[in-house]
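A.B. asks: quick check, what structure comes out for this input:
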Amino acid sequence: MDWMVAASSVAAVLMGIGALFVRMRAAKRPASAKKIIMPPLFMSTGSLMFLFPEFRVTWLELLEAAAVGMVFSLLLMKTSKFEVRDNDIYLKRSKAFPIILMSLLVIRIIGKLVLSTAIDVGELGGMFFILAFAMIVPWRIAMYRQYIKLKRQTPINAIHAPQIKTPLS
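C.D. replies: As a prediction, this is how the structure comes out:
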């Protein structure tokens, strides 16, 4: 079972590094409501793991994991801001985001190593899914609200309207 904890920790590190690259690439392209909403929807399919008894958690474990995830999401919310550039809304690069993301990853790995001695690996997987989901959902809701607010404040809507060419233009 220890190899499973180690393997999942390595996978978490690789996914964290992947998330950093995705975030850096995303800052180069305009944001959209779809790009903000889709990740939690795709991640929600992971809840199918709870169909299997080995992944099920107690109500207390669910509450603990969700509470930790929501606390972690506050840090991500602080580093996710949007800006208007070239008549589009972009995710603003934050120098603190990679540090915070990696710090949260290290905290999660340490937590997993400590908890793996007392909690079954399947339940632990369920708890860490809940933690991650409880972290991404509030963060993305905050991003979506910020995006919509900025979109309403700027005349961007007119820019994205189809340009009609006339014979004189």
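A.B. asks: tell me which residues are up against stretch 121-140.
C.D. replies: 1, 4-5, 8, 36-37, 39-40, 43-44, 46-47, 49-50, 52, 54-57, 61-62, 64-70, 72-74, 76-77, 80, 104, 108, 112, 115-116, 119 (C-beta atoms under 8 Å, 6 or more residues apart in numbering). Every residue, glycine included, has its C-beta placed from N, CA and C.
A.B. asks: quick one: the helices in the chain?
C.D. replies: Assigned helices in the chain, in chain order: 2-26, 33-43, 59-78, 96-115, 121-153, 156-159 (criterion: DSSP state H).
A.B. asks: now the third one: buried residues?
C.D. replies: It stands for helix 59-78. Judged by neighbour count (16 or more other C-beta atoms under 10 Å), helix 59-78 contains these buried residues: 61, 62, 65, 66, 68, 69, 72, 73, 75, 76, 77.
A.B. asks: okay, those residues in TSV with pLDDT and distance to residue 88 next?
C.D. replies: Converted to TSV, the buried residues of helix 59-78 look like this (pLDDT from 0 to 100; distance: C-beta to C-beta, whole Å):
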residue	pLDDT	distance to residue 88
61	92	43
62	95	40
65	93	37
66	96	35
68	92	35
69	93	31
72	89	29
73	93	26
75	86	27
76	86	22
77	91	22
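A.B. asks: rewinding a little: which one of the helices of the chain is the most hemmed in?
C.D. replies: Neighbour counts averaged per stretch over the helices of the chain are highest for helix 121-153, at a mean of 18; criterion: mean count of other C-beta atoms under 10 Å.
A.B. asks: many thanks, we can stop here.
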